[in-house]
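Enquirer: make a model of this:
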Amino acid sequence: MKKLFLLALTLIMMMVIAGCGSEASGSGDKDSKTYTIKIGNGNPVGEPSADILDGFVKEELEKRSDGQFKVQVYLNSQLGSETELLEQVKSGTLQIATPSAPSYLVPDLSVYFLPYLFETQDDLWKVTDGPIGQSLTKQLEEQTNSKVLGWWSTGIRHIFSKEREIRQVDDLKGMKIRVMEIPVLMDVFKGLGALPTPLPYSDVYGSLTTNVVDGADNDPSGYKNMKFYEVANNFSISNTLNYPKAVIINEEFYNSLPSDLQKIIDEVFAEAQEKQRDLFMEVMDSDIAELKDKGVNVIEDVDIESFKELAEPIWRGSKDINQDLLNEILESRN
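Expert: Okay, the predicted model is just below:
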């Protein structure tokens, strides 16, 4: 009788343990479900966007999710040009990308690429973060099957060149200047007297080397970290362009996440936006100083007014610009 009782007790204990083990396993499976987030970016290590993505964003997403997010960051156009990255997000083969405002999908975004429309970063963020920018953001989301997680800085962009020093706008005449594959930028550089040549960012260094182009434009950080000074040593402080890049996530992927993980993404990228913008402001002056130390011919006595005189005709003459939107932006300054 005693043996039967012990046997029965043993069986009961085994069933309880098995039941507990099954519940723990189920709970563990739920808690340990992981989500791979692939992030594509066109910038090299050392540039604020690249460093924020491969540092703060990657670390915080993985830490705050207790490892449920596995983040893979691909920098320096490893997965393709900005246009290709955006298409990958649209199709769902890539979760996050940071393309410059894609005006080929949302024509109204072309306004961001007008020279001297946004003379300071504060001017740009006033529009981007306000009602006008929110309306543009909604258009972008609808056209790209994505959610916009923020708008990041690309810095203030200047013109650099191989042979000719650019000190006034007339110096650009006849020069082959690389531009991004964005229609309105063709109008911009034509209006400034140059011969615009659209090329992917990853092709710029080689195209300068082989004389496909005579120059390009970039912020000091990008120019330095891509080592463009090795093949085009004249860097003119022209303050030509000041536009944002979007941070987008595939909407279907985002919506598939539990609400607590969505909240983590929202919070991390809200903080990352502030950090990235601040970092760009911090490195602008130090990057120019570093370029001088490297022997770059930094041209600071640029006649910016000669460029600005052509700005409004470009604004008004481009077929890609929504004039009502442009007027709304100009009125918002008052």
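Enquirer: if we ignore the residues flanking it in sequence, what's nearest residue 74?
Expert: residue 40 (5.1 Å; CB to CB, 6 or more residues apart in numbering). For every residue, glycine as well, the C-beta is placed using N, CA and C.
Enquirer: identify the residue nearest residue 313 in space, chain neighbours excluded?
Expert: With CB to CB, 6+ apart as the measure, residue 191 is the residue that lies nearest to residue 313, at 6.5 Å, once sequence neighbours are left out.
Enquirer: correct me, but the one you found touches residue 312?
Expert: No. Using CB atoms under 8 Å, residue 191 is not in contact with residue 312, being 10.0 Å away.
Enquirer: neighbour-wise, which of those two wins?
Expert: Neighbours per residue, other CB atoms under 10 Å: of residue 191 and residue 312, the larger number sits with residue 191, 19 against 15.
Enquirer: all strands for the stretch 151-300 of the chain, in order.
Expert: Remark: strands assigned in the stretch 151-300 of the chain by DSSP state E, counting those that start in this stretch are 157-161, 176-179, 195-198, 215-218, 234-241, 244-250, 297-299.
Enquirer: which one of these lies nearest to residue 89?
Expert: Taking CB to CB, strand 244-250 is the member of the strands of the stretch 151-300 of the chain nearest to residue 89, at 5.1 Å.
Enquirer: next, count neighbours for residue 149.
Expert: The number of residues packed around residue 149, counting by other CB under 10 Å, is 21.
Enquirer: when you give positions from now on, start the count at 133
Expert: Yes, from this point I'll number from 133; that puts the last item at residue 281.
Enquirer: check which helix or strand covers it.
Expert: Secondary-structure element containing residue 281, defined by DSSP states H and E: strand 278-285.
Enquirer: got the angle for that strand vs strand 376-382?
Expert: Angle, strand 278-285 to strand 376-382, by axes from the mean of the first three to the mean of the last three CA atoms, to 10 degrees: 150 degrees.
Enquirer: list the contacts of strand 278-285.
Expert: 180-181, 221-222, 228, 230, 253, 257, 260-261, 265, 269, 272-273, 376-383, 386, 397-398, 401-402, 404-405, 408-409, 412-413 (CB atoms under 8 Å, 6 or more residues apart in numbering).
Enquirer: how much space separates residue 274 from residue 268?
Expert: Going from residue 274 to residue 268 by CB to CB, to the nearest Å gives 11 Å.
Enquirer: the more surrounded of those two?
Expert: Relative neighbour count places residue 268 above the other of residue 274 and residue 268, with 23 against 12, counting by other CB under 10 Å.
Enquirer: does that one touch residue 241 like I think?
Expert: Yes. Here residue 268 lies in contact with residue 241, judged by CB under 8 Å, at a distance of 5.9 Å.
Enquirer: pretty sure residue 226 belongs to a strand, no?
Expert: No. With the criterion set as DSSP: H, G, I helix; E, B strand; the rest coil, the secondary structure at residue 226 is coil rather than a strand.
Enquirer: just to revisit the earlier point, how many residues are close by the residue nearest to residue 206?
Expert: The burial metric for residue 172, expressed as a neighbour count using other CB under 10 Å, is 27.
Enquirer: what sits against it?
Expert: With contacts defined as CB under 8 Å, 6+ apart, the neighbours of residue 172 are 206, 210, 211, 212, 217, 220, 221, 226, 228, 229, 230.
Enquirer: in a helix, the fourth one, correct?
Expert: Read it as residue 212. No. The secondary structure assignment for residue 212 gives coil rather than a helix, going by three-state DSSP.
Enquirer: how much space separates it from residue 332?
Expert: 8 Å.
Enquirer: check the fifth one too.
Expert: Distance, residue 217 to residue 332, using CB to CB: 11 Å.
Enquirer: who has more neighbours out of the two?
Expert: In terms of neighbours (other CB under 10 Å), residue 217 is the more surrounded of residue 217 and residue 332; the figures are 24 against 17.
Enquirer: quick one: pLDDT of that one?
Expert: Residue 217 is assigned 96 on the pLDDT scale.
Enquirer: what helices or strands is the helix or strand where it lies leaning on?
Expert: Assessed by DSSP H and E, residue 217 sits inside helix 214-223. Helix 214-223 is packed against strand 167-172, strand 228-229, helix 263-276, strand 376-382, with contacts defined by 3 or more CB pairs under 8 Å, 6 or more residues apart in numbering; DSSP states H and E.
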